[in-house]
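1. structure, please.
(one chain, ligands or ions: 1)
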Amino acid sequence: MRHALIATALLMFAGHPHASIASVPAHADDGLLPSEIHGDGFSFPVYRASNDAQFVQENSASLITMYREISAIIGVNPGAVSWSEIAFTRDENYVQPRDKEGVARWVIPLTMDGTLGAPGQQEMFLTIPHEQAHAIQKAFGELPRWFSEGMAEWAGLKATKLVAPLLYADRKNKLNAAMKSPAAPTHLKSWGGVKPKPEAIFRQLTPEQKERMAKEPGYFPPGPFTFGPDDFVSDESNTFLRYAASRQVFETMESESSPEAMREWFSAVRNLPSPKTTQDIVKLAKDKTGLDISKMID
Ligand SMILES: [Zn+2]
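-> Down below sits the predicted model:
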């Protein structure tokens, strides 16, 4: 029973904290039309209003460049990826239809004139490459949070750099600044892990244990404790710093090994049974890149 409860909690917190995402049918009647974009050897649909056909035509090269880049970095064939859908719309009240589970659609807001304003640029050049790296990861199976977010932020930003260098520089400055600020340790290993709420433990303690906990900061009373489904929270502390630190793991590894070694590592991680553990991923990093990343993850 305890295992069943933990599994439920894990599923609840498996999603990502970013932007807006919805599950939609592939052919939803939301007033937008599908438009197939063809790269070299791969294609993907985007959704847009009839009067935004030219906009999509003019901007499809950026999408193709980004999708191709993150595929190359991670080492997958872009034609084999189940890319998340994107929708361009001038309608600020646009709501994705939610009839069917399983298909993610990202919204890129356009200005009233049908151009990319600042919010649209943010979504198109920063959110989309990050989230499409997650789309690639769907074929990997269940990954620890630091690995999935670190890879998405690292690979996504490398794609951003090709098409929007100013946005890339701005985001990188913010990530670097976060890394320099004095903050609590990132504990990447436990990011997104499920932990019981402190009060769920506290209510099960004896008065003596409560008193000792108040006096001794390092003291943690021995269990066993029992928990219900409402007693768990996902460990989401220090989120921005954790994005920065996770990305840094990948960037450091790449600079100290090679893009080829990184791809060999990703391929080996992909072949691990799911859910993949930090311990196994760290060991494979050593095997494939020669680097010991255990201290960066702790
Ligand atoms: Zn993410």
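
2. helices of the protein, residue ranges please.
-> 2-12, 53-74, 118-122, 128-137, 145-163, 165-180, 198-202, 207-215, 239-256, 259-270, 278-289, 294-297 (DSSP state H).

3. the residue located most distally from the centre of the chain and Tyr219: what is the separation?
-> What lies farthest from the middle of the chain is Glu208; by C-alpha atoms, centre = their mean that is 42.9 Å. Note on Glu208: its distance to Tyr219, by C-beta to C-beta, to the nearest Å, is 11 Å. To be clear about C-beta, it is placed using only N, CA and C from the backbone, and glycine gets the same treatment.

4. which parts of the stretch 51-200 of the chain sit against the ion?
-> Glu149, Ala152 (C-beta under 5 Å from the ion).

5. residue ranges with poor pLDDT in the stretch 51-200 of the chain?
-> The stretch 51-200 of the chain contains residues with pLDDT under 70 at 97-103, 182-185, 194.

6. returning to that earlier point: among the helices of the chain, which comes closest to Val46?
-> helix 53-74 (6.0 Å; C-beta to C-beta).

7. now do that closest one: distance to the chain's middle.
-> 19 Å (C-alpha atoms, centre = their mean, to the nearest Å).

8. so which of the helices of the chain gets nearest Ser84?
-> Among those, helix 128-137 sits nearest to Ser84 (C-beta to C-beta), with 4.6 Å.

9. show me how the chain divides into domains.
-> For the chain, automatic domain parsing gives the domain ranges 2-184+238-297, 194-234.

10. ranking those by burial, who's on top?
-> Highest mean neighbour count among those (mean count of other C-beta atoms under 10 Å): domain 2-184+238-297, with a mean of 17.

11. mind telling me which residue of the stretch 151-298 of the chain is nearest the ion?
-> The stretch 151-298 of the chain approaches the ion most closely through Ala152 (4.6 Å), counting by C-beta to the ion.

12. could you find the closest non-adjacent residue to that residue?
-> Distances taken as C-beta to C-beta, 6 or more residues apart in numbering place Ala133 nearest to Ala152, at 3.9 Å, with adjacent residues excluded.

13. and the gap between Ala133 and Arg247?
-> From Ala133 to Arg247 the distance is 11 Å (C-beta to C-beta).

14. also Trp154?
-> 5 Å.

15. and what of Arg212?
-> 40 Å.

16. how about Ser43?
-> With C-beta to C-beta as the criterion, Ser43 and Arg247 are 29 Å apart.

17. how about Pro34?
-> Distance from Pro34 to Arg247, by C-beta to C-beta: 33 Å.

18. hang on, the earlier thing: and the residue farthest from the centre of the chain, how far is that from Ala214?
-> 11 Å.

19. please apply the same query to Lys174.
-> 38 Å.

20. now swap in Asp170 and tell me
-> Counting by C-beta to C-beta, the gap from Asp170 to Ala214 is 45 Å.

21. could you do Val95 as well?
-> Distance from Val95 to Ala214, by C-beta to C-beta: 49 Å.

22. again with Phe44
-> Counting by C-beta to C-beta, the gap from Phe44 to Ala214 is 57 Å.

23. contact partners for Leu143?
-> Gln137, Val269, Pro275, Lys276 (C-beta atoms under 8 Å, 6 or more residues apart in numbering).
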